[in-house]
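no FASTA, just this:
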């Protein structure tokens, strides 16, 4: 008698249908996971058709990683360009090959008579507009390859200093060789490099032992969820955890249009409005949840810069 094959193939992969999901998830990324791995896990849980993150957070770092789904991906650059806040822990007296705890120690020096006043004075030196040389162990590209690839091969690439701004650098706690600080900085700031620079200023060297992102523009960890929490939720609960599509632009001035003007705006037609000039505005139709996109006002004209599609707008109204 021949073996029965049955109606299903053993080991066949069940294809899970994707669905349109629109919104912003504030994820509390765990230690050791890359930003892209975290994104892919969340995307699978939501069965989302389209998703993206708003800037890389190193595997060593934990904390706030805003993830954009559907229409919200059109505004991910806003979060990428926003100021960031971090809580960082530095170990003085040891420098490593990578500037953080993942690298091999390359030099050890004694930490003598380290007082809060002395450490604070070094922090002041790096507050405000400063220049940083990006680390070799970073994802910056040179000739199409990430710098960390050259670093792993033992090749040093010359890097141009970058202008960044440290808006705030506050001591949380510290004693002797271990210090924790809160940092608010502009985009493109490398906290590992900041730790190394502070150690160099103190004459003993330093590296980063822990890093947690606590804020991204107006977004904070207060409403963030973990991947473990997402796994335990029902689909409805996961959807309820999403912020609205316009969450990334919530601090922009609001413009609300009537039905006729909303249609023109979505078609890319400029419209004269009695409003003051503004570099960035968020635009809505007559319904309360009818977010249409972003624009600017110049010489009394509303000019679209980033639009949702009519299908996306309808999807938000139906949600």
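Happy to help now that I have it. Note that the structure is a prediction, hence the values are computed from the model and not measured. Numbering: from 1, shown residues only.

quick one: low-confidence parts of the stretch 101-250 of the chain?
Counting by pLDDT under 70, the stretch 101-250 of the chain has low-confidence residues at 136-139, 142-143, 145, 147, 151, 153.

Show me the helices in it, by range?
All helices of the stretch 101-250 of the chain, identified by DSSP state H, counting those that start in this stretch, fall at 116-125, 147-152, 191-202, 227-232, 235-240.

contact partners of the first one?
The one in question is helix 116-125. Residues from elsewhere that reach helix 116-125 (CB atoms under 8 Å, 6 or more residues apart in numbering): 169, 171, 174, 179, 181, 198, 201-202. Just so you know, the C-beta spots here come from the backbone N, C-alpha and C atoms, and that holds for glycine as well.

could you dump those residues to JSON lines with neighbour count?
JSON lines is the format used below for the contacts of helix 116-125 (neighbours: other CB atoms under 10 Å):
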{"residue": "169", "neighbour count": "21"}
{"residue": "171", "neighbour count": "13"}
{"residue": "174", "neighbour count": "18"}
{"residue": "179", "neighbour count": "24"}
{"residue": "181", "neighbour count": "23"}
{"residue": "198", "neighbour count": "23"}
{"residue": "201", "neighbour count": "16"}
{"residue": "202", "neighbour count": "20"}
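
so the closest residue to residue 271 other than its chain neighbours is in which element?
Leaving out its chain neighbours, the residue that sits closest to residue 271 by CB to CB, 6 or more residues apart in numbering is residue 302, at 4.9 Å. Assigned by DSSP states H and E, residue 302 falls within strand 301-307.

what about that strand, average pLDDT?
Averaging pLDDT along strand 301-307 gives 95.

Isn't residue 92 up against residue 206?
Yes: judged on CB atoms under 8 Å, residue 92 makes contact with residue 206 at a distance of 4.8 Å.

between the two, what contacts are shared?
With CB under 8 Å, 6+ apart as the test, residue 92 and residue 206 both reach residue 199.

Neighbour count: these two, which is higher?
Between residue 92 and residue 206, counted using other CB atoms under 10 Å, the more crowded position is residue 206 (28 against 25).

Identify the residues contacting the more buried one.
Residue 206 neighbours (CB under 8 Å, 6+ apart): 90-95, 195-196, 198-200.

re the thing from before, pLDDT averaged over the helix or strand just after the strand holding residue 302 - what is it?
The C-terminal neighbour of strand 301-307 among helices and strands, as given by DSSP H and E, is helix 310-318. Throughout helix 310-318, pLDDT has a mean value of 84.

residues in contact with helix 310-318?
Counting by CB under 8 Å, 6+ apart, 20, 22, 70-71, 244-245, 266, 285, 287, 289-292, 308 sit against helix 310-318.

Which of the residues in it are classified as buried?
Residues of helix 310-318 classed as buried by neighbour count (16 or more other CB atoms under 10 Å): 312-313, 315-316.

How about stretch 102-116?
Buried positions in stretch 102-116, judged by neighbour count with 16+ other CB under 10 Å: 103, 111, 114.

again, but for stretch 33-50
Under the neighbour-count criterion of 16+ other CB under 10 Å, stretch 33-50 has 33, 35, 38-39, 42-43, 46, 48 buried.

In contact with residue 169: list those residues for me.
With CB under 8 Å, 6+ apart, residue 169 has these contacts: 123-124, 126-127, 181-183.

Of the buried residues of stretch 33-50, which belong to helices?
35, 38-39, 42-43, 46 (DSSP state H).

returning to that earlier point: what separates the residue nearest to residue 271 from residue 287, distance-wise?
From residue 302 across to residue 287, the span is 18 Å (CB to CB, to the nearest Å).

Looking only at neighbour counts, state which of the two leads.
residue 302 (22 against 13).

OK, contacts around the more buried one?
Taking CB under 8 Å, 6+ apart, we find residue 302 in contact with 255, 265, 270-273, 275, 281, 283, 295-296.

swap in residue 99?
Counting by CB under 8 Å, 6+ apart, residue 99 makes contact with 135, 137, 190, 192-193, 195-196, 207-208.
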